[in-house]
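Novice: Pasting the sequence and the predicted coordinates here, then a few questions.
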Amino acid sequence: MYILLTGKPPFDGATEVEILNHIKQEKYNSESTAAFKALSREAKNLIKRLLAPEKERITALNALEHEWIKNNFQEPATSDEVMRASLSNLLDFKNENKVKDAIITFIVTQLASTQDLREAREIFRKLDKNGDGKLSRGELEKGFENLDGYAPEILDQIMEEVDTDNNGYIDYTEFLKAATDIRKFASVANLQHAFDAFDKDGSGKISAEELKCVLKDENSEDIGI
């Protein structure tokens, strides 16, 4: 945050030893730089609390609640229509086999642009109330409970299908795979890119060993390898 706002690191020095000494002494560049002087009172306060000793340092969760963050990064409004579409996609998602899952994961995480995933990303942030990067059943219920057509029992189906690693949560990648309409990205070009990524030796076909590599040896028996 300090570098983004001032263009310089918070601790300087002619040598690494000098820099480390400044860190230990908690002597960061403050009023000595024109860029820092130009910052708002709220920005200076947040920087001070982030660069404080560990026992006094603000937590990441509390930092997100700081007035500077709230004033400068308003959460975009997400319409009920977009939320319903996301819920529908989550319900329609089927964890059918590991090969298909690997293809979808590759396309969504490697080929889809930031703009393509904007709505899904905003919905995830809205649902992830505690900001831990994963969605609990309770967070899903809280996010969708006021939508038309919602029923508590559908959460069991969503958790069973979307939580592919069975850890009791839906992480960001799992959510993107399920909440995004994959038909938007399943073009011939994208499928070819996915095929080429799996075809490690460029032979024009994917061997069992290449599939094992892609799937990272996750129960290859499930797909008949």
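Specialist: Everything's here; your move.
Novice: All the strands of this structure, in order from the start?
Specialist: Along the chain, counting by DSSP state E, strands occupy 134-135, 170-171.
Novice: which residues touch the most centrally placed residue in the chain?
Specialist: Nearest to the mean C-alpha position of the chain, by Cα atoms, centre = their mean, lies Tyr172 at 4.8 Å. Residues in contact with Tyr172 (Cβ atoms under 8 Å, 6 or more residues apart in numbering) are Phe124, Gly133, Lys134. Just so you know, the C-beta spots here come from the backbone N, C-alpha and C atoms, and that holds for glycine as well.
Novice: roughly how far apart are Leu176 and Ser187?
Specialist: 17 Å (Cβ to Cβ, to the nearest Å).
Novice: more neighbours, the two?
Specialist: Per other Cβ atoms under 10 Å, whichever of Leu176 and Ser187 has more neighbours is Leu176, with 19 against 12.
Novice: Who's the closest spatial neighbour of the more buried one, skipping the chain neighbours?
Specialist: Nearest residue to Leu176 in three dimensions, chain neighbours excluded: Val108, at 5.0 Å (Cβ to Cβ, 6 or more residues apart in numbering).
Novice: So Lys129 sits against Glu141, correct?
Specialist: No: Lys129 is beyond contact range of Glu141, at 11.1 Å (criterion: Cβ atoms under 8 Å).
Novice: Mind giving me the packing neighbours of the longest helix seen in the chain?
Specialist: Using DSSP state H, we find that the single longest helix of the chain is helix 80-92. Under the contact criterion of 3 or more Cβ pairs under 8 Å, 6 or more residues apart in numbering; DSSP states H and E, helix 80-92 touches helix 118-127, helix 137-144, helix 154-162, helix 172-179.
Novice: and among these, the most buried is which?
Specialist: With neighbours taken as mean count of other Cβ atoms under 10 Å, the helices and strands packed on helix 80-92 reach their highest mean count in helix 172-179, at a mean of 21.
Novice: Now do the helices in this structure.
Specialist: Shown for the chain, the helices assigned by DSSP H span residues 2-6, 16-24, 34-37, 41-50, 60-64, 67-72, 80-92, 98-106, 118-127, 137-144, 154-162, 172-179, 188-198, 208-214.
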